[in-house]
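*Asks:* just the structure for this:
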Amino acid sequence: MKKVLIVIIVILALVAGGLWYLSGEAGNIIKAQIEEQGSKFLGTQVTVFNVDLAFAEGRMTISDIDVENPQGFSDADAFSLGAITLDLGGSASEPYVVQEVSLDAPEILYELDASGQGNLIVLKDNLQSALPQSSEPAPASEPGANPLVIVENVTINAARLMLNFENLPTGDIELEQKAYEVTLPSFSAGSIGKPNGIPADQVGAAIADAMLDNVIKQAKEEAKNKLEEEAKKRIKEEVDKKKDELLDKASDKLKGLLNK
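*Replies:* Predicted coordinates:
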């Protein structure tokens, strides 16, 4: 029973940041807090469809999270998450430990504006501005008001990454396809809050920051590979063109010599 109570407390603190009570509206309360805190940290609208609490199993599932693009980008969502599942441990004291946070099949849009600025980078910058710097001491709080939490591992499963370069000038390199989709292999974004834990109301933002950090890195790699592929193709076309011109000139000269 003690473990179940700890799980309930940590779940509520983790997402709602200090709502230390349980009621029939707990899921709705947490949903509202995710939307409010997520919008504040990311600097754009965050919406959640449902929060399901499985107290006995120590599990919470957050369904259908949509994060709008920051201002200056398209009307599409920056990313959508089908479900986030949190599996909690049985730690009885701070820092409380969340064993695993799983983000299942997120749909992520990486688009660039005319200046080359990426939408995900804007969201990450917003997060970095809102989160305390690692060198700053954690603000003092009353015991139990905002407990410290460690997440052992964050896993992103089968993310669908959509890249869009429609607004990006590419100079002499003409991309035949400026919007395409790749499915990323499942990957770990590592741990959150080690070794001493971070305040519970910062955990969600820290998880989003870790996910964005990994996805931006992979998106840039995909974009680089695409541009290199097109550049090599363009070079080959130019070489082939020059080769054909030289062959034509050589053929004309040879005909001239033979006709003398």
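*Asks:* same question for stretch 111-126, mean pLDDT?
*Replies:* The pLDDT scores in stretch 111-126 average 88.
*Asks:* repeat for stretch 156-176
*Replies:* Mean predicted confidence for stretch 156-176 is 75.
*Asks:* how about the secondary structure of Ser93?
*Replies:* Using DSSP: H, G, I helix; E, B strand; the rest coil, the secondary structure recorded for Ser93 is coil.
*Asks:* distance of it from Ile29?
*Replies:* Per Cβ to Cβ, to the nearest Å, Ser93 is found 25 Å from Ile29. All C-beta spots, glycine's among them, are computed from the backbone N, C-alpha and C.
*Asks:* in terms of neighbours, single out the busier of those two.
*Replies:* Ile29 (17 against 8; other Cβ atoms under 10 Å).
*Asks:* now the strands for the protein?
*Replies:* 46-54, 59-68, 77-88, 96-104, 107-111, 148-157, 160-164, 179-183, 187-192, 198-199 (DSSP state E).
*Asks:* mind listing what Pro95 touches?
*Replies:* By Cβ atoms under 8 Å, 6 or more residues apart in numbering, Pro95 lies in contact with Pro147, Leu148, Val149, Ile150, Gly193, Asn196, Gly197.
*Asks:* so which of those residues wins on neighbours?
*Replies:* Result: Val149 is most packed of the contacts of Pro95 (other Cβ under 10 Å), 25 neighbours.
*Asks:* you'd agree that one is up against Val203?
*Replies:* Yes: the pair Val149 and Val203 passes the contact test of Cβ atoms under 8 Å, sitting 5.2 Å apart.
*Asks:* distance check, the residue lying closest to Lys40 once chain neighbours are set aside against Leu42.
*Replies:* Closest residue to Lys40 apart from its sequence neighbours, by Cβ to Cβ, 6 or more residues apart in numbering: Ala130 at 6.8 Å. As judged by Cβ to Cβ, Ala130 and Leu42 stand 8 Å apart.
*Asks:* circling back: my guess is the residue nearest to Lys40 meets Gln37, correct?
*Replies:* No: with contact defined as Cβ under 8 Å, Ala130 does not reach Gln37; the gap is 9.6 Å.
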